[in-house]
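K.L.:
below is the structure, and that's it, no one-letter string:
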Ligand code: CAA
Ligand code: NAD
């Protein structure tokens, strides 16, 4: 019997990532034909946002995504699809009170803005409020898990759970252990990842873990190629889709992830590792971000969206 049984999960932040994490957790155990679910069916989720208006938007985006999943799973039996949506939504409870939301939690997954000071403040408050047995995880793309955990008194019960966008579709979960993450915590994270249908890989607490350490320099090199005038963004995208089999080209992917996110990652890594030319920030990206052109989410990035 595992030391940690995870039944109640609190997700803090209901943006692009947190809404997907809440959704796949609440779905666990129901969509057995979509993913291989082996344990802990029927988890309850508390999803925390900054205010009721944002919470409403989050709930609406979960409903849209669930409809896409249901359409695929239950194309021959729409009434079962309706039931699946209602049951999944019924397992997700919204909250605007992070401290109250962790009092019954077995696991807390943080997916708020990528800012170390704001994450520190949040985790200090959560650490004081949550039971000692509650496991904490961050979904950070680029920050050090050890540094985030440093403000808590549960460094042994803290690790990284790094999901990929769009969470309901991307099958990977990176499980990050710091030197202080206990073996029991690590095992509980691996079992939980499997229970929500993800394929888990393990990585040390290094910048970008596996995927982003490879993907971010690749996307940045594509932008450098475009800034030099070697090829257009559209042609670079076409080249990587048709010549390398990627589902999206690097400019489409930058716009999809959010230019603010990629820019923030590069700036943070450049500050820490100024000698690495792969992490040099990008002029065209900095300009787009300063103009509020953040990619798909704002309607414009390297491309325009209707
Ligand atoms: N919720 C539920 N289902 C969704 C969905 C969502 N948000 N988004 C897409 N889908 C489903 C669609 O319903 C569709 O289902 P069917 O196959 O049954 O029709 C399927 O996924 C494919 O979607 P689309 O037909 O709309 O479009 P597509 O074939 O172009 O695929 C994509 C879309 C899955 C996003 C694909 O383009 C892709 O894999 N892109 C690369 C994404 C990627 O690299 N993500 C990682 C980014 S890095 C990151 O996340 C880490 C970080 O820290 C920054
Ligand atoms: P986002 O901006 O879409 O969502 C963040 C949400 O957190 C917002 O809705 C905001 O209102 C909420 N929030 C901020 N402070 C909060 C607080 N104190 N309490 C509760 N909610 C709060 O960002 P995102 O893209 O979902 O990224 C979230 C985290 O996930 C970041 O650490 C990011 O690096 C990481 N991540 C992002 C991606 C990606 O592709 N965008 C992929 C993997 C990991």
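P.N.:
That came in fine, so what should we check first? What you are looking at is a predicted structure, and each value in this text was computed from that prediction instead of being measured. Ligands and ions are numbered 1, 2, ... in the order given.
K.L.:
per-residue pLDDT of the closest residue in space to residue 196 that isn't next to it in sequence, please?
P.N.:
Leaving aside its sequence neighbours, residue 196 sits nearest to residue 28 (C-beta to C-beta, 6 or more residues apart in numbering; 4.5 Å). For glycine as for every other residue, the C-beta is placed from the backbone atoms N, C-alpha and C. pLDDT, residue 28: 86.
K.L.:
tell me how many other residues crowd residue 28.
P.N.:
Residues near residue 28, counting by other C-beta atoms under 10 Å, number 28.
K.L.:
same question for residue 257.
P.N.:
Neighbours of residue 257 (other C-beta under 10 Å): 25.
K.L.:
could you check the distance from whichever residue of the stretch 151-300 of the chain sits closest to ligand 2 over to residue 80?
P.N.:
Here the stretch 151-300 of the chain gets closest to ligand 2 at one residue, residue 165, 3.6 Å apart by C-beta to the nearest ligand atom. Distance of residue 165 to residue 80, computed by C-beta to C-beta, to the nearest Å: 28 Å.
K.L.:
give me the more crowded residue out of those two.
P.N.:
residue 165 (16 against 12).
K.L.:
contacting residues around the more buried one?
P.N.:
Contacts for residue 165 (C-beta atoms under 8 Å, 6 or more residues apart in numbering) come out as 16, 17, 20, 256, 257.
K.L.:
what kind of secondary structure is it in?
P.N.:
coil (DSSP: H, G, I helix; E, B strand; the rest coil).
K.L.:
same check on residue 161?
P.N.:
Residue 161 - assigned by three-state DSSP - is strand.
K.L.:
for the closest residue to it other than its chain neighbours, give the beta-bridge partners.
P.N.:
Spatial nearest neighbour of residue 161, excluding adjacent residues (C-beta to C-beta, 6+ apart): residue 137 at 4.1 Å. Taking DSSP bridges as the rule, residue 137 bridges to residue 109, residue 159.
K.L.:
one step back: from the contacts of residue 165, list just the buried residues.
P.N.:
16, 17, 20, 257 (16 or more other C-beta atoms under 10 Å).
K.L.:
now do the helices in the stretch 151-300 of the chain.
P.N.:
183-195, 211-228, 233-244, 250-257, 259-272, 283-290 (DSSP state H, counting those that start in this stretch).
K.L.:
most packed of these?
P.N.:
helix 250-257 (a mean of 23; mean count of other C-beta atoms under 10 Å).
K.L.:
that one versus helix 233-244: what angle between them?
P.N.:
Going by axes from the mean of the first three to the mean of the last three C-alpha atoms, to 10 degrees, helix 250-257 is angled at 100 degrees with respect to helix 233-244.
K.L.:
helix 250-257 near ligand 1 at all?
P.N.:
Yes. Using C-beta under 6 Å from any ligand atom, helix 250-257 reaches ligand 1 at 253, 257.
K.L.:
and that helix, how far from the chain's centre?
P.N.:
When distances are taken as C-alpha atoms, centre = their mean, to the nearest Å, helix 250-257 is centred 16 Å away from the chain's centroid.
K.L.:
elements contacting that helix?
P.N.:
helix 211-228, helix 233-244 (3 or more C-beta pairs under 8 Å, 6 or more residues apart in numbering; DSSP states H and E).
K.L.:
adding mean pLDDT and distance to residue 94, write those out as TSV.
P.N.:
Below are these laid out as TSV (pLDDT from 0 to 100; distance: least, C-beta to C-beta, whole Å):
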stretch	mean pLDDT	distance to residue 94
helix 211-228	98	29
helix 233-244	98	37
